[in-house]
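> pasted the sequence and its predicted model underneath.
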Amino acid sequence: MNLTISKNLVDDDVLGSVEPADFNNTLVGIEGDVELNRENETYLDLVNDGTKKAMLIEIIDANTTIGAVSNPTLKISLAKVVFTEIARSQGNGDIVKQTLSFKALYST
């Protein structure tokens, strides 16, 4: 999986100075892609239909233990995600893989 989070900073330039007075945040952009085994046409249908779905990305460090049984975990919840592109790769005699690209949309 590849995940890109862009802060989209904007300079607040002022007259008479080469340095900006401030940097302002605009809307955060989140996009990425994930590689999956191709099992059916489900993800192709999501790309073609423009269907928006919720997505939870969960990263767990199974090699580190906190306390008796807990592992460090990072969860990113995305309320609206649109799947923008799908690409398939297949070697001779290999499992067919598909790369699914997505973009998170703003949702209140």
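Happy to help now that I have it. Being a predicted model, the structure only gives us computed values, none of them experimental. Residues are numbered from 1 along each chain as shown.
> contacts and neighbour counts: CA atoms only from here.
OK.
> so how far is whichever strand or helix holds Ile30 from its chain's centroid?
Per DSSP states H and E, Ile30 falls inside strand 29-37. Its chain's C-alpha centre and that of strand 29-37 lie 5 Å apart, by CA atoms, centre = their mean, to the nearest Å.
> name the residues that touch it?
1-8, 95-104 (CA atoms under 8 Å, 6 or more residues apart in numbering).
> give the next helix or strand downstream of it.
That would be, after strand 29-37 and using DSSP H and E, helix 42-49.
> pull that following helix out as CSV, backbone CA atoms only.
Output of helix 42-49 as CSV, limited to C-alpha atoms (Å, rounded to 0.1, in the frame of the first residue of the first chain):
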residue,chain,number,x,y,z
THR,A,42,-16.0,-6.0,-7.4
TYR,A,43,-13.2,-3.4,-7.5
LEU,A,44,-13.6,-2.8,-11.2
ASP,A,45,-17.3,-2.1,-10.6
LEU,A,46,-16.4,0.4,-7.9
VAL,A,47,-14.0,2.3,-10.2
ASN,A,48,-16.5,2.3,-13.2
ASP,A,49,-19.5,3.3,-11.0
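> just the buried positions in the very next helix or strand once past that helix, please.
Once helix 42-49 ends, the next helix or strand along the chain (criterion: DSSP H and E) is strand 52-60. Buried residues in strand 52-60, counted by 16 or more other CA atoms under 10 Å: Lys52.
> kindly report the same for stretch 31-39.
For stretch 31-39, by 16+ other CA under 10 Å, it's Glu31, Asp33, Arg38.
> quick check: mean pLDDT of it?
For stretch 31-39, mean pLDDT is 90.
> same check, this time on stretch 10-21
Here the average pLDDT along stretch 10-21 is 87.
> end-to-end on that stretch?
11 Å (CA to CA, to the nearest Å).
> residues in contact with it?
Residues contacting stretch 10-21 (CA under 8 Å, 6+ apart): Asp22, Phe23, Asn24, Asn25, Thr26.
> so how far is that stretch off the chain centroid?
32 Å.
> and if you look at stretch 40-47?
The answer for stretch 40-47 is 18 Å, by CA atoms, centre = their mean.
> and if you look at stretch 38-49?
For stretch 38-49, the distance to the chain centre is 18 Å (CA atoms, centre = their mean).
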